[in-house]
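# Need coordinates for the below:
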Amino acid sequence: EENSPFIIGLDEEGFCRYSENYVGIVQPNYWGTAFDLWDWGMHEDHMKKFDSTFVKQREKLVHIKYERNFMGECPRALEVEFEGPNGKTILYNIPPKWNESSNCYTLNFFGRVKKASARNFILVSEDDPENTIMMHGKEASNVFNVDFRDPLSVLQTFAVSLVAIGKKRMVS
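Next up, the predicted model:
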């Protein structure tokens, strides 16, 4: 469903929000332009009822933001923000370039991506735009390839990928 949260768990059988199988949740805003990945901790509104030594308060692990692009007049613009080992880290997607011969926007995935898609992107660091941090690209129908490295964690990368392939109201 459009703009629904993604619940991330280790086991689809017997799933419970506060069980050991619950990993986190990706919460969208109404427009589908911003998403927050929260860990397994308890929502801050419920923390008043519990001793903080008994229950961990949830933490935001990553914030993912898309520019509004309702009409699809330009390629998607994506920004990923999180606290890394050296403080706040901001990643952004490399804008694709228009290719006259193929009459579409393209990126160089070095042979790792086979199909054109609006969901294909390459993330680089604001501090070091020459180093690729994450590549996300279409291999076949409903099959995507994801490559990533430090400072992104597996969970953060998975959340960014889920958001990329999910439906969004104001991003086409």
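
# partners of the one helix or strand in the chain whose mean pLDDT sits lowest in the sheet?
One helix or strand of the chain scores below all others by mean pLDDT, DSSP states H and E: strand 104-106, with a mean of 79. When pairing is defined by DSSP bridges, strand 104-106 lines up against strand 97-99 (antiparallel).

# Relative to the whole chain's centre, how far out is the partner strand?
Centroid separation between strand 97-99 and its chain, computed with Cα atoms, centre = their mean, to the nearest Å, is 24 Å.

# Begin at 20 from now on, thanks
Sure, I'll start counting at 20 from here, so that last one is strand 116-118.

# contacting residues around it?
Cys123, Tyr124, Thr125, Leu126 (Cβ atoms under 8 Å, 6 or more residues apart in numbering). Glycine gets a C-beta too; all of them are placed from N, C-alpha and C.

# could you pull out the helices for the chain?
Under the criterion DSSP state H, the chain carries helices at the ranges 173-184.

# Return the set of residues that bridge with Asn164.
Applying DSSP bridges to Asn164 gives these bridge partners: Gly156.

# tell me the contacts of it?
With contacts defined as Cβ under 8 Å, 6+ apart, Asn164 is in contact with Arg131, Val132, Met154, His155, Gly156, Lys157, Glu158.

# Compare those and tell me which is most surrounded.
The member of these surrounded by the most neighbours (other Cβ atoms under 10 Å) is His155, with 25 neighbours in all.

# was I right about that residue contacting Val179?
Yes - if you go by Cβ atoms under 8 Å, His155 and Val179 touch, sitting 7.3 Å apart.

# Spit out the residues that contact the two alike.
Taking Cβ under 8 Å, 6+ apart as the contact criterion, the common neighbours of His155 and Val179 are Leu142.

# All the strands of the chain, residue numbers only.
Here the chain has its strands, by DSSP state E, at 25-28, 41-47, 53-57, 79-85, 97-103, 106-112, 116-118, 123-125, 140-144, 151-159, 162-167.

# what angle separates the longest one from strand 140-144?
Read it as strand 151-159. An angle of 170 degrees separates the directions of strand 151-159 and strand 140-144 when computed by axes from the mean of the first three to the mean of the last three Cα atoms, to 10 degrees.

# helices or strands up against strand 151-159?
In terms of contacts (3 or more Cβ pairs under 8 Å, 6 or more residues apart in numbering; DSSP states H and E), strand 151-159 is packed against strand 140-144, strand 162-167, helix 173-184.

# make it 6 Å
With contacts defined as 3 or more Cβ pairs under 6 Å, 6 or more residues apart in numbering; DSSP states H and E, the secondary structure elements packing on strand 151-159 are strand 140-144, strand 162-167.

# of all these, which lies closest to Leu97?
Using Cβ to Cβ as the measure, strand 140-144 is the one of the helices and strands packed on strand 151-159 that comes nearest Leu97, at 5.9 Å.
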